[in-house]
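Visitor: Please find the sequence and the predicted model below.
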Amino acid sequence: MKSVFIEKSLGVDIREGSVFLTLVGKKLRTIEVLAGKMITLKPLTGKDEKAEKHFLNKVNHFLIEHDTWPESVVVSLPRSYVTFKTFELPAPDLESVRSMVEFELERQFSAGLEDLYFTFQVTPKAENIFHVASAAIKKEIANYYLELVQKLNLKTTVLDVSTFANVNLAFSQEIENDSPIWALADISPETLDIALIKNDAIEFSRSLSWAKPAIKGANSGKISDPAQLENLSGEITKSIVDELQQALSSCRSIEANELVGHIFITGGGVLAPYITQHLEKETEVSTTALQAPESVSPTVPDSFSPSLMLTSLGLGLRELKKQKVETNLLPEGLQPKRKKVNIKLTLAMAVTVILLLAGWFANKVVYANKTLATLDAQLKEIKGQATGLEKIDLEYDSLKQYVDILNTISRQYPDKLPVLGELSRSLPRDTWLTHLKFKQGEIEFKGYSPVASKLIPILEQSKTFKGTEFVGTIINESAGEKFTIRADLETAS
C-alpha cells in the first residue's frame, strides 16, 4: 500500500565540491526519510557553465526519479560564504531585543546590511541580558544559488546555515554529562566547521578551509586499507583538536577553567567511526556522531548515508517539525507565502463536520421515508390509470440503450481536435511537439522545451489530461530538453 504523507520537504546541503539531497515526508506521528543523493561536482562559482548544467541535470533526475516537486525546499550554502557573529545585548524583554538587534548588526557587520542577507537567533542569558547569534551572506552570492535552484522549478522556502541545521540535530540528542558546554565538528573534504555551545546558546562558529581530498578517496572506496584509514583519521583528529583549542581560547564567553563536556561530529563518511574513536582518546571527552532525531523513523533507504547526509536531513526537518534554532537568511519579501496545516485543528473540524453531516443525513432519511410512504399511497391510486403508459416506457428504455451505446463510443474514441486545442492552450510558447500518438483513452507526445520538468505541473492543471508522466528520461540536446510525455484523457461525462 502506498504511503500517504501530509507534507514533503527537500533538504539541499550545498558544499564546495559536492551537494547532498535528502527528501523527507511527514505522516501524522512520524517523519520518514524517503531518499538521499550525493552529487560530486566542481565548485559552483557562476563561471563554470558545465558544473551548473551537471548540478541541474543531477537534481532534476533525482526529482523525476522520486516523482516529487516538494513545497518545502530548505537550502544551505557553503559555510565559507557565511559570516558568523555573536554578542550580548541588554534589553528589558525579548520584544525589545528584536527591535534593537538590527542596529547592533549594522555595527557588527562592517560591510553594511544593505548588501547582505542576514538572520539571528536570540537566547535569554541572564536577567535583562540576551545572547544573539547572527549570520550573514552577500546578496550577490546568495542570489546566484537561489536562481540556480529556481531553474529546477523549485522555490527556496528557507535559506539556512549548515551550522544551525547541525546544532538543531544535536539539541535532539541526549548527553550524559554535567557540563553546560559542548562542541560540534562538521567534517568535509574542503572545510572543517567548529561550533561551541554553552547553555543552549551558540557562542562560537568558525569555518576553516583545509583541503583534505583523501576524505573523498576514502568515501569513494579508493582508500580501503584499515591502516591507511587509521592514519588519515589520526591526521584529521589532530586538526580538529587544534581547532577546538583555538576556538576555546578565542571564545570570550567560556572561562579557562570551564571544560567541554561532549563533542559531536558530523560528516566524514566512512572515516566517522575512526575519527570518533581517535577524538575521544585524544581529548578524553565523550564523543559521538550525530544521529537522526527520535521523531524520524529509524528505517531509511539505502540511498541515504547518515555519515554524509545528516546536515541535509536537518535542513529537510526545518519545515516539518519545530526546531530550537529557526533562522532564515531569506528576507520576508523573498519567502514564499505558505499556509501551514494544523493537523489537530483540521481533525477536530473534520470530526465536527462529520457529526453535523450525520445529523443532517439522519434527519433527511426520516423525512425521505415519510415522503416515500405518501408517494407510495398516491402511486397505488393512479397505478390503474397508468397502464396505457407502459408502451411509452418500453420505447423510452429502447431509445435510452441506443443513447448509452453512442455515449460509450464517444468516451472511448474522443474527438482529437479538442485535445489538440487544449495542448495548444496549455503548453508554453517555447515548447514544440514533434510526434503525437492517440491510443484508446490516452495520448503520447514528444517534443522539445527549455525546461521540460515544468510541463507536468502545467498539464496536470488541465481538465483534459490526468495521470500525466514522463516516459523515459529527459535528454539535453542543442534544440532544448527532449521529452516524451504520456497522459490519460479525461472523457466527457
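Guide: All right, it came through fine. Numbering: from 1, shown residues only.

Visitor: Show me where the stretch 301-450 of the chain has its strands.
Guide: For the stretch 301-450 of the chain, strands defined by DSSP state E, counting those that start in this stretch occupy the ranges 432-439, 442-449.

Visitor: in the first one, what's buried?
Guide: By 16 or more other CB atoms under 10 Å, the buried positions in strand 432-439 come out as residue 433. Placement of C-beta: from N, CA and C, glycine included.

Visitor: what does it contact?
Guide: Identification of contacts with strand 432-439 by CB atoms under 8 Å, 6 or more residues apart in numbering yields 416, 419, 420, 423, 427, 443, 444, 445, 446, 447, 448, 449.

Visitor: Can you flag the buried ones in these?
Guide: Looks like those have 419, 423, 427, 443, 445, 447, 448, 449 buried, using 16+ other CB under 10 Å.

Visitor: Just name whatever secondary elements the longest helix seen in the chain is in contact with.
Guide: As assigned by DSSP state H, the longest helix anywhere in the chain is helix 343-383. When contacts are defined as 3 or more CB pairs under 8 Å, 6 or more residues apart in numbering; DSSP states H and E, helix 343-383 packs onto no helix or strand at all.

Visitor: Distance from it to the middle of the chain?
Guide: 44 Å (CA atoms, centre = their mean, to the nearest Å).

Visitor: Report the mean confidence score over it.
Guide: Averaged across helix 343-383, pLDDT comes to 75.

Visitor: Point out where the stretch 201-350 of the chain drops to low pLDDT.
Guide: Along the stretch 201-350 of the chain, the parts satisfying pLDDT under 70 run over 338-347.

Visitor: if we go to 80?
Guide: Applying pLDDT under 80 to the stretch 201-350 of the chain picks out residues 220-221, 337-350.

Visitor: And whichever helix or strand residue 105 is part of, what does it pack against?
Guide: Take DSSP states H and E as the rule and residue 105 turns out to sit in helix 94-108. Contacts defined by 3+ CB pairs under 8 Å, 6+ apart place helix 94-108 against strand 83-90, strand 116-126, strand 129-138.

Visitor: hey, what's residue 120 bridged with?
Guide: residue 134 (DSSP bridges).

Visitor: so who does it touch?
Guide: 101, 105, 132, 133, 134, 135, 327.

Visitor: same question, residue 4
Guide: Contacts of residue 4 by CB under 8 Å, 6+ apart are residue 27.

Visitor: and the buried ones among the contacts of strand 432-439, which two are the farthest apart?
Guide: 419 and 448 (20.1 Å; CB to CB).

Visitor: how about the helices of the stretch 101-250 of the chain, start to end?
Guide: Ranges of helices within the stretch 101-250 of the chain are 139-150, 162-171, 214-219, 226-250, based on DSSP state H, counting those that start in this stretch.

Visitor: Show me the domain layout of the chain.
Guide: Annotated domains of the chain cover 1-173+295-341, 174-289, 345-411, 416-489 [automatic domain parsing].

Visitor: Report the rounded mean pLDDT for the last one.
Guide: Per-residue pLDDT values over domain 416-489 give a mean of 86.

Visitor: Endpoint to endpoint, that domain covers what distance?
Guide: With CA to CA, to the nearest Å applied, domain 416-489 spans 10 Å between its terminal residues.

Visitor: go on, stretch 288-304?
Guide: 19 Å.

Visitor: Which positions within it qualify as buried?
Guide: Buried residues in stretch 288-304 (16+ other CB under 10 Å): 289, 290, 291, 292, 293, 296, 300, 303, 304.

Visitor: Could you dump the residues you listed into CSV and include secondary structure and distance to residue 249?
Guide: Shown next, in CSV, are these (DSSP: H, G, I helix; E, B strand; the rest coil; distance: CB to CB, whole Å):
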residue, secondary structure, distance to residue 249
289, strand, 26
290, coil, 25
291, coil, 30
292, coil, 33
293, coil, 32
296, strand, 36
300, coil, 39
303, coil, 41
304, coil, 38
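
Visitor: So which of those residues is the closest to residue 42?
Guide: residue 303 (22.8 Å).

Visitor: Look up how far residue 19 lies from that closest one.
Guide: 14 Å (CB to CB, to the nearest Å).

Visitor: ok, back up a step: how far out from the middle of the chain is the helix holding residue 105?
Guide: 30 Å.

Visitor: And for stretch 282-292?
Guide: Worked out by CA atoms, centre = their mean, stretch 282-292 lies 28 Å from the chain centre.

Visitor: List the neighbours of it that are in contact with it.
Guide: 33, 166, 169-170, 173, 175-177, 184, 237-238, 241, 244, 259-266, 268, 272-273, 276, 279-280, 298, 300, 306-307, 310, 313.

Visitor: Restrict these to the buried ones and give me that as a PyMOL selection.
Guide: Those of the contacts of stretch 282-292 that count as buried under 16+ other CB under 10 Å are selected in PyMOL with:
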select buried, resi 33+166+169+170+173+184+237+241+244+260+261+262+263+264+265+266+268+272+276+279+300+306+307+310+313
